[in-house]
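> please work out how this folds:
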Amino acid sequence: ALEPSMAGKRADCFLQTLLFAGPPMAAGIWLARRCYFPLAPLRTAALIGLAGSMLPALFMQFACMYDPAHILSHHILPIPGVVLVGVIGALLASRAKQFLRGQQS
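Numbering: from 1, shown residues only. Sure thing, here's the model as predicted:
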């Protein structure tokens, strides 16, 4: 293992990890919507959020400092937050869809 060092430290890597998760999540949502109706929308949203946030977390390992506590708190910790955002987005979309169907009747 490498010795923990401050070389390559970024002040805003937590935010960068969250922002870099946006494009892969958008691509995953676009691909899921092209299939029109996923069989398990909440599971699909959770997996898209997980996949979208794992890539930036992995890439930030090479661009940021090597310190195990920093890696866990700033690179791995945002992953459940992104998954939660994906699930909340799927729930809101399904509620909006039900609401719009109710207004059309």
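> C-alpha from now on. contacts and neighbour counts both.
Fine.
> and residue 17, how many residues sit next to it?
25 (other Cα atoms under 10 Å).
> I meant residue 50, not that one.
20.
> quick one, what contacts it?
Neighbour list for residue 50: 79, 80, 82, 83 [criterion: Cα atoms under 8 Å, 6 or more residues apart in numbering].
> show me these that map onto helices.
79, 80, 82, 83 (DSSP state H).
> just the buried ones from the residues you listed, in ChimeraX syntax?
To isolate the buried members of the ones in helices among the contacts of residue 50 in ChimeraX, using 16 or more other Cα atoms under 10 Å:
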select :79,82,83
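> identify, from the ones in helices among the contacts of residue 50, the entry nearest to residue 46.
Nearest to residue 46 out of those is residue 83 (Cα to Cα; 5.1 Å).
> before we move on, what SS does the nearest residue to the closest one once chain neighbours are set aside have?
Counting by Cα to Cα, 6 or more residues apart in numbering, residue 49 is the residue found nearest to residue 83 once chain neighbours are left out, at 4.3 Å. In terms of secondary structure, residue 49 is helix; the call rests on DSSP: H, G, I helix; E, B strand; the rest coil.
> from residue 69, how far off is the closest residue to residue 22 other than its chain neighbours?
Residue nearest to residue 22 in three dimensions, not counting chain neighbours: residue 52, with 7.1 Å by Cα to Cα, 6+ apart. Residue 52 sits 22 Å away from residue 69, going by Cα to Cα, to the nearest Å.
> now swap in residue 81 and tell me
Separation of residue 81 from residue 69 (Cα to Cα) stands at 18 Å.
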